[in-house]
Structures are given as structure tokens and as C-alpha cells.
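**Student:** Structure for the following, please:
(4 chains)
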2 protein chains.
Amino acid sequence: MAGTRWLTADEQRAWRAYLEATHALLAAIDGQLQQSMGVPHAYYEILVRLSEAPDRSLRMSQLAEACMSSKSRLSHAVARLEERGWVERLNCPSDRRGQFARLTPAGFAALEAGAHGHVEQVRNALFDPLSPEQVDQLAAISRTIAAAADGAMGEGGLDSCCSNDAEEA
Amino acid sequence: MAGTRWLTADEQRAWRAYLEATHALLAAIDGQLQQSMGVPHAYYEILVRLSEAPDRSLRMSQLAEACMSSKSRLSHAVARLEERGWVERLNCPSDRRGQFARLTPAGFAALEAGAHGHVEQVRNALFDPLSPEQVDQLAAISRTIAAAADGAMGEGGLDSCCSNDAEEA
DNA sequence: TGCAATTGGTTGAGCGTTTGACAACTGCCG
DNA sequence: CGGCAGTTGTCAAACGCTCAACCAATTGCA
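**Tutor:** Take a look at the predicted model:
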């Protein structure tokens, strides 16, 4: 109890600034995509990942991991995108339980059309305000945070009540 | 539209690293709070803001702004915290349509109990992995992004403050 | 005074996400 | 072959959020 190291005033400010900036940034990104393509950012991510994959298709599990999404969430999202005709599901020939999600030509066209505005928004909200050094710094900081989060999954600090390790694939 | 400046490879990597880090960080924070206090991070924020206010109470509007939340969202959230006995509503004497949200003693106690674990989590996931210089950098970067987002709200639309169209024509 | 416009806040319906349970299938071991 | 475990993906209910209407008090204006 007494061992809790509270945040310094600087850390407090940094943490809140980070929360506020992230909130504003993601809201701006999401709003722009919602308005121009009618989908949230998470859906856009799905299209991007598929567009970069060989044959523009991926197994559902790989896609879920690439999009930092749960399988359930991805399944719903793909269903939505399927309704729009932007994605289609294909059975996996080698493993009959598996499914591929594949970007349709219409989906690729929609992505191409929406990418311009999206990139513009990312520039306006993130890269243009920052100096090149800050971009480098942000990249390094982000990698560090992500690495720490990945590493911290199994180790737990005080009370790791859920001892589910072996999350590696 | 032909003038779209695409992201460089470095910018791509920085953007994706940022998205991944933010996702992991917020998920970790949210999960820890959900498990230890049974509320999402947005609700915790409400308790924190109230705890810092004079008389541990704030007008609903001010609280909404402090929490970067819509009035509707805040109203629902306060209703739930009220059910738990952590927050109570008070009529504003000077303006009879107004309401105060005030942290109850039970709410303050819950916050005190949960804060230790939360701070620990923020340290583990954010501050401990970063160097002091990086913390400063992150703060500066965050302030810049937030300022850019704020500034972008008013420009573009003259009378429409929320329809942020004005993308490539 | 009287009436419209604005502000402060609530409510309810609809939507998306999460969670836990479940079905389908593969692989392994006896 | 038969059963047990692990993997892949779907489904349904619960929860939080957004949107649009709504009520009530206040302000502005004639």
C-alpha cells in the first residue's frame, strides 16, 4: 500500500495530455472515415490489411490479429463488409473449418476512393503539426509502449489473478 | 485529389506503431480498472474529476467537458454511478435547471481503493518503459496534437461546427 | 408582460462491441 | 476405430455509446 509510487505532476500532465490528444485524434480520424466511407476506422483497417495481403485475402484469425481485434468482433465486422459487397468469404480448401476473407474489386475500389481523404486527415491531425524529430520520437515511444504491453501480458505485477500465459502464436 | 501526399514508409510505420501502442495501452488500463473496480476508464475519469473539484462536485456540463464526454453520455454514466452509490445529484440553487454531480463518501472511498492499482498500471504500461526524456517528448507531442485538433474544429465550416466536410473536392 | 430563442440536462431507441457458450472440425493417443 | 483435447468460427444476450427528441428554466426582445 505505502509502496504505491504516485504520479509526479509532470507525469500527471503528460498522461492527461496523452489521453486528450489520443481522444481528439481518434475521434477526428473516425469521424472523417465515417463521413466519407460510412465505416468506422476499425473497418477501414480491415480493408487495408486485406488489400496488402497476397490475393487480397487472409484467414479470419490472421486478420483478427492484424487488426488487433477479437475473433468475434471481426466476424461481425466482416459480415457487415460482406453485406456491402466489399468483402467475401471463401472456404479454406486445406482446412475445412477455416475461412478466408477476401477483398472484392468493389471493396478495393472503395478503399482506393477513401484512402485519399483518410491520408489527408492523418496528415492534418498528426504529421503536419509535428516536426520530423517528433515523428521519430513518437515512433520510438510507441514501439516501446507496445513492446512493454506485449511483454507484460504474462508477468503480472501484483495480483495476476488470471494466469493465462502462452498467448504467443 | 491528384495532389494527395501519401505517407512515407517512416510515417506509415510511425502511424501504425502509434495505433498499436495506443490500443494496447488503453486496453490494459481499461481491463485493469474493469477488473479491480468494475467500471471502464471513462467512469473512473468521472470519479477523479469530481474528487479534484471543490466540494467534490461539478455541474454536469463542466464534468462532461472535463471528461471529454457528451452530455448524454455523461448523464447515463452518472446515473449508473448513482445506482452504485458513488455519486449523487444535487439541484443547483442559483439555476434551477442545473444539476451538480457530487462524489459521495462511498465513491471517494472506492476511488481511493482503486487508485493504487490504476496508478501502478499506468506506471507499468507507460512511464516505466519510457525514459524521462521520452516522457517529456510524449507530453510535448500530445499537446501539439491536441492543439491541432482543437484548432481544426472551427476552421472550414462557418456555421456548421460539426460537419467537418471540406475534404478533397 | 408576452413570446420566441437559447441553455442545461434527461430520456429512449437503435447500433456496435464484448463476453461466454456453442458447433464444427482436426489431431493425437490408445 | 473411438474418445479427448485444442482450434476455428459463429451466435445470442448484456453493456455502453450515439443520436434525436424532449422538458424545463432562463434570457432576449419588443
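**Student:** Show me what the longest helix belonging to chain A is packed up against.
**Tutor:** For chain A, the longest helix by residue count, based on DSSP state H, is helix A:9-36. Judged by 3 or more C-beta pairs under 8 Å, 6 or more residues apart in numbering or on different chains; DSSP states H and E, helix A:9-36 is in contact with helix A:41-52, helix A:105-122, helix B:9-36, helix B:132-154. Glycine gets a C-beta too; all of them are placed from N, C-alpha and C.
**Student:** Quick one: residues in contact with the shortest one.
**Tutor:** It refers to helix A:41-52. A:26, A:29-30, A:33, A:37, A:56-58, A:63, A:66-67, A:69, A:73-74, A:77-78, A:80-81, A:86-87, A:101-103, A:107-108, A:110-111, A:114, A:118 (C-beta atoms under 8 Å, 6 or more residues apart in numbering or on different chains).
**Student:** angle of that helix against helix B:9-36?
**Tutor:** If you take axes from the mean of the first three to the mean of the last three C-alpha atoms, to 10 degrees, helix A:41-52 sits at 130 degrees to helix B:9-36.
**Student:** In helix A:41-52, which residues are buried?
**Tutor:** The neighbour-count criterion (16 or more other C-beta atoms under 10 Å in any protein chain shown) identifies A:41, A:42, A:43, A:44, A:45, A:46, A:47, A:48, A:49, A:50 as the buried residues of helix A:41-52.
**Student:** For the spatially most central residue of chain A, which non-adjacent residue is spatially closest?
**Tutor:** The structure's chain A has its C-alpha centroid closest to residue A:67; by C-alpha atoms, centre = their mean the separation is 4.8 Å. Nearest residue to residue A:67, sequence neighbours excluded (C-beta to C-beta, 6 or more residues apart in numbering or on different chains): residue A:45, at 5.0 Å.
**Student:** tell me the pLDDT at the one you found?
**Tutor:** Per-residue pLDDT puts residue A:45 at 95.
**Student:** Restricting to C-alpha, output stretch A:16-25 in PDB.
**Tutor:** C-alpha atoms of stretch A:16-25 as PDB (Å, rounded to 0.1, in the frame of the first residue of the first chain):
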ATOM      1  CA  ARG A  16      -3.700  13.600 -19.400                       C
ATOM      2  CA  ALA A  17      -2.300  15.300 -22.400                       C
ATOM      3  CA  TYR A  18      -1.800  11.900 -24.000                       C
ATOM      4  CA  LEU A  19      -5.400  10.900 -23.200                       C
ATOM      5  CA  GLU A  20      -6.800  14.100 -24.500                       C
ATOM      6  CA  ALA A  21      -4.700  14.100 -27.700                       C
ATOM      7  CA  THR A  22      -5.500  10.400 -28.400                       C
ATOM      8  CA  HIS A  23      -9.200  11.000 -27.900                       C
ATOM      9  CA  ALA A  24      -9.200  14.000 -30.200                       C
ATOM     10  CA  LEU A  25      -7.100  12.300 -32.800                       C
END
